[in-house]
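K.L.:
turn this into a structure:
(one chain, ligands or ions: 1)
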Amino acid sequence: MPISYNEPLQVFRLDTPRTTYLMGLAGSEGFLGHIYYGPTVPDDDMRYLLRLEERPGTPDSNPRDRASFFDCFPFEYPSWGGGNFREPCLRVRTACGGGNCILRYVSHRVLSGKPGLEGLPAAFGAEDQCETLEITLRDAEAGVQVVLLYTVFEDTDAICRSARIENIGDAPLEIDSALSAALDMDNEDFDLITLHGSWAREQNIDRRPLASGKQSAFSLRGISSHQFHPFLALCQRGAGQEHGLVYGLSLIYSGSFLVQAETDQFKQVRAVAGIHPDGFSWRLEAGGRFQTPEAVLVCSDAGLGGMSRSYHDLFREHLIRGQRKRRPTLVNSWEACYFDFDHERLLQLGREAARYGIEMLVVDDGWFGKRDDETTSLGDWRVNERKLPGGLKRLGEELAEMGVQLGVWMEPEMISPDSDLYRAHPDYAMTIPGCSPTLARNQLVLDLTRKEVRDCIYEQISSVLRSAPISYLKWDMNRPLTDVYSGVLPPERQGEAGHRYILGLYELQERFVTDFPAVLLENCCSGGGRFDPGMLYYSPQIWTSDNAEAVDRLTIQEGSALIYPLSAMGAHVAACPSHVNGRVTPFRVRGRVSLPGCFGYELDLDKLSPEEQGLIPQQLGEYEQFGPVFRDGDYYRLASCRENHTYDAFMAVAKDKSIAVVNFVQIRSRAYRRSLRLKLAGLEERSRYRLRGSEEVRTGAGWMNGGLLMEAALCEYFSELAVLERVAD
Ligand code: DGJ
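P.N.:
The predicted structure is shown next:
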């Protein structure tokens with residue numbers, strides 16, 4: 001059983017395939033402390049790591065000095081009060097306005113499977129795949145109860161954690177902070193890794209030594225954001241791609257968040273993740289409950305690659321629902337024609353798609369209302385008959401005759417001040433009474449905290465989808481939340497508005513996936529501004545970045561693949577010179593960069609040179625052949641052009657180890673005539689593998705230790721796919 005409780009020792013034990021997580025009760029007051037998280041240990045009794053002997057003991061054994069206990073005890077779910085001056089997970093104010101909360105163990109139970117989290121995306125698992133531990137803690141004086149949830153999966157080294165806060169008193173409670181999880185550990189010479197960026201430059205990997213004090217990544221933008229990512233990793237200083245100890249902490253959430261590592265006076269580290277406390281508060285009435293989003297912990301002693309593979313497995317098998325497997329190839333109209341299209345132009349794009357066997361045409365922004373630019377019509381989701389006479393229905397039917405499916409773009413959370421919806425319901429926009437709202441991209445955000453607003457938008461989305469043969473929806477979101485205010489909350493509860501917006505968004509997307517299971521959903525937020533695990537629960541793929549230029553994309557995709565499976569990344573061959581950075585890259589290389597993701601084109605197929613046109617069948621063929629290995633296999637990063645500035649290489653190995661594909665892309669010429677030696681990874685040591693197209697056969701151990709020689713290419717751009725197939729003995 002992955003979860004057990006050693007009653008005499010009062011120690012909880014969670015086992016994943018390769019890791020152990022121990023926590024235990026300290027003192028008769030029942031404080032729950034974190035004991036150990038790391039590679040599997042058979043021992044239950046590691047309580048010495050609580051170091052109770054080194055300190056003045058627990059408060060019940062040394063009531064004179066409670067404060068110093070709280071100041072250093074590794075709380076499993078730290079709350080504010082008593083002397084815990086480090087970041088708390090929970091901060092409440094009771095009716096008197098005071099804010100101390102001292103949580104003690106009350107009870108626990110173990111469940112088969114994993115209960116869902118009400119209103120929130122969360123990992124899932126069947127009864128024979130996982131177990132869930134519920135630990136109840138309580139502060140009876142404050143009237144606060146906390147139920148900690150831990151789920152352990154049999155097939156992956158990930159642990160899901162969340163907390164449910166309950167008001168068991170008679171008066172309302174104000175929650176000022178309710179983070180999802182904390183992990184207290186010794187600082188084993190850790191580096192901190194976070195992801196940062198901006199529009200068109202998402203998911204840059206940032207690694208630096210962990211210093212004293214607090215270091216965080218966060219969003220206060222109401223979206224998970226381009227700027228930071230709801231994830232951090234702590235890794236031992238020398239840890240590399242396939243060696244060394246690494247801890248990952250990721251949050252299944254799409255709004256403002258905080259992930260933070262804090263080093264205290266004793267060099268203990270507290271890593272936390274949750275909804276950002278700034279601007280957040282929640283009124284909990286007597287008897288009420290608040291459920292935090294879920295955090296996902298991963299520990300790997302096989303370096304960053306081990307961590308990535310655990311996240312990939314968890315997200316693929318236990319978070320992404322519905323159409324997890326093959327995704328259709330597509331051509332998207334955005335970079336091909338922006339707002340400048342009509343029925344005939346789209347049909348022509350469709351004809352080109354049909355000619356090559358591209359399966360879908362996605363009509364991006366501009367098909368509705370009076371929208372010919374960014375200034376108008378969001379909220380008026382009726383087809384523009386001037387551009388598309390006969391509507392999406394006629395277009396969809398004519399495309400279907402050519403064997404091409406139809407996809408559409410929408411931005412359901414938005415409203416243009418110049419729209420019929422705004423003229424009829426200006427109050428539907430999220431604004432602060434008496435304050436002029438801030439426009440971004442000429443638009444305002446709808447107040448999704450209101451049911452009638454959600455219903456109105458949902459009606460519009462569903463009538464669009466029912467009006468035509470539509471197989472795919474790109475759900476875009478192009479601005480942060482600035483005027484965060486809910487039209488249904490009283491002034492003293494406005495701190496709930498940001499989170500309630502996200503709950504409204506989740507409810508809308510849940511309705512969508514329930515009512516339209518056959519329509520493939522791709523989330524998007526000006527590119528990768530909401531590329532997070534929360535969104536992945538609803539859409540199996542997310543548009544990774546508006547920057548599809550090959551060189552920049554390598555870095556963006558490397559950062560994304562640190563936690564997300566390749567199957568989650570929308571990746572298109574875009575127009576050239578790049579509309580984003582002006583760089584000129586060969587069509588072949590753009591294809592190879594996009595190949596591992598959800599493949600498509602974002603350009604005018606008509607404008608391609610004959611040579612480029614000639615490459616399309618090869619690209620589609622490679623996607624068909626190797627897509628399954630990239631989508632479902634194990635990911636190993638071999639080299640990073642972010643570090644070497646010259647070439648990028650990773651490989652995917654099928655789960656049954658029968659085939660592996662190395663994707664190599666060179667972006668700068670190397671001025672020496674010598675091949676590169678790439679040491680492969682993830683193969684079965686004793687099996688023999690043949691390099692496709694050659695007579696070279698070596699054992700897995702041979703390829704991994706000897707490596708693969710990649711020819712010296714005396715040119716700026718070069719790409720190669722090396723395929724290794726296991727040969728029968
Ligand atoms: C931002 C998206 O990231 C783009 O792909 C495109 O859909 C535009 N919005 C359309 O307005």
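K.L.:
what packs against the helix or strand containing Ser463?
P.N.:
Under the criterion DSSP states H and E, the helix or strand holding Ser463 is helix 451-467. In terms of contact count using 3 or more C-beta pairs under 8 Å, 6 or more residues apart in numbering; DSSP states H and E, helix 451-467 is assigned the packing partners helix 391-401, strand 405-410, strand 470-475, helix 497-515. The C-beta positions use only the backbone N, C-alpha and C, and glycine is treated the same way.
K.L.:
if you set the cut-off to 7 Å instead, what comes out?
P.N.:
The contact analysis (3 or more C-beta pairs under 7 Å, 6 or more residues apart in numbering; DSSP states H and E) places helix 451-467 against helix 391-401, helix 497-515.
K.L.:
average pLDDT for the last one, rounded please.
P.N.:
Which is helix 497-515. What helix 497-515 shows for mean pLDDT is 98.
K.L.:
circling back to that earlier point, just the helices and strands packed on helix 451-467: most buried one?
P.N.:
Mean neighbour counts were taken over these using mean count of other C-beta atoms under 10 Å, and the top value, a mean of 20, falls to helix 497-515.
K.L.:
tilt between it and helix 451-467?
P.N.:
Between helix 497-515 and helix 451-467, the angle formed by their directions is 30 degrees, by axes from the mean of the first three to the mean of the last three C-alpha atoms, to 10 degrees.
K.L.:
close to the ligand, is the next helix or strand after helix 497-515?
P.N.:
The first helix or strand that comes after helix 497-515 along the chain, using DSSP H and E, is strand 520-523. No: among the residues of strand 520-523, none lie within reach of the ligand under C-beta under 6 Å from any ligand atom; the closest is 9.9 Å away.
K.L.:
adjacent strands (with direction) for strand 520-523?
P.N.:
Based on DSSP bridges, the strands next to strand 520-523 in the sheet, each with its direction, are strand 470-475 (parallel), strand 541-543 (parallel).
K.L.:
contacts for that strand next, please.
P.N.:
Applying C-beta atoms under 7 Å, 6 or more residues apart in numbering, the contact partners of strand 520-523 are 323, 327, 471-475, 512-513, 530, 535, 538-539, 541-543, 570.
K.L.:
can you say which of these are buried?
P.N.:
Buried by 16 or more other C-beta atoms under 10 Å: 323, 327, 471-475, 512, 530, 535, 538-539, 541-543, 570, out of these.
K.L.:
of those residues, list those near the ligand.
P.N.:
Among those, the residues within reach of the ligand (C-beta under 6 Å from any ligand atom) are Trp543.
K.L.:
and of the buried ones among the contacts of strand 520-523, the nearest to Gly407?
P.N.:
Proximity to Gly407 was ranked across the buried ones among the contacts of strand 520-523 by C-beta to C-beta; first place goes to Tyr472, at 3.2 Å.
K.L.:
give me the nearest residue to the closest one, chain neighbours excluded.
P.N.:
When the adjacent residues along the chain are set aside, Tyr472 lies closest to Gly407, with 3.2 Å between them (C-beta to C-beta, 6 or more residues apart in numbering).
K.L.:
roughly how far apart are that neighbour and the ligand?
P.N.:
Computed as C-beta to the nearest ligand atom, to the nearest Å, the Gly407 to the ligand distance reads 11 Å.
K.L.:
can you check Glu452 too?
P.N.:
Glu452 sits 26 Å away from the ligand when distances are taken as C-beta to the nearest ligand atom.
K.L.:
again with Arg382
P.N.:
18 Å.
K.L.:
kindly report the same for Gly169.
P.N.:
Distance from Gly169 to the ligand, counting by C-beta to the nearest ligand atom: 47 Å.
K.L.:
cheers, nothing more for now.
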